[in-house]
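> the sequence and its predicted three-dimensional model are supplied below.
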Amino acid sequence: QVQLVESGGGLVQTGGSLRLSCAASGRGFSSYTMGWFRQAPGKEREFVAAITGRSTNTYYADSMKGRFTISRDNAKNTVNLQMNSLKPEDTAVYYCAGRSRGSITTTSYYYWGQGTQVTVSS
């Protein structure tokens, strides 16, 4: 069993930056594809970014490419999401997801964190 705890959310102005972190406990972290998703009020949870176990590959939703960067530190069991040039439409609860079941851009992951709120003011 793996537990995920997100941190780093907050309130930021348009154009600002935030760095989200996800700390994982339990075995197997380094072998898991990890992802970030977000959910805005009244909307479905959507894919943001993902990274494979040894950081060999990274994946991004089109609207995040060039602005967001996902990374991981397997020695520390953490995965991070650096978010730059933030926009009001990036406002959402951001979730860390662990161990993809197959399709990394869907919500098909075994483990989920509790989420961290990101609010971008205009």
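Right, received. Where do you want to start? All values derive from a computational prediction rather than experimental measurement.

> where does this protein have low pLDDT?
Within the chain, no stretch falls below the threshold (pLDDT under 70).

> now the strands for it?
With DSSP state E as the criterion, the chain has strands at 3-7, 10-13, 18-25, 34-39, 46-51, 58-60, 68-73, 78-83, 92-100, 109-112, 116-121.

> listing partners with orientation, what would you give for the fourth one?
What that stands for is strand 34-39. As defined by DSSP bridges, the strand partners of strand 34-39 come to strand 46-51 (antiparallel), strand 92-100 (antiparallel).

> swap in the second one?
Paired strands of strand 10-13, with direction, are strand 116-121 (parallel) (DSSP bridges).

> how about the nearest residue to the most centrally placed residue in the chain, chain neighbours excluded?
Computing the C-alpha centroid of the chain and ranking residues by CA atoms, centre = their mean puts residue 36 first, at 2.3 Å. Once flanking residues are discounted, residue 36 sits nearest to residue 48: 4.2 Å by CB to CB, 6 or more residues apart in numbering. All C-beta spots, glycine's among them, are computed from the backbone N, C-alpha and C.

> burial measure for that neighbour, as a count.
Residue 48 is flanked by 25 other residues according to other CB atoms under 10 Å.

> pretty sure it is touching residue 81, no?
Yes: using CB atoms under 8 Å, residue 48 is in contact with residue 81, at 7.0 Å.

> need the residues touching each of these two.
Contact criterion CB atoms under 8 Å, 6 or more residues apart in numbering; residues shared by residue 48 and residue 81: 36, 68, 94.
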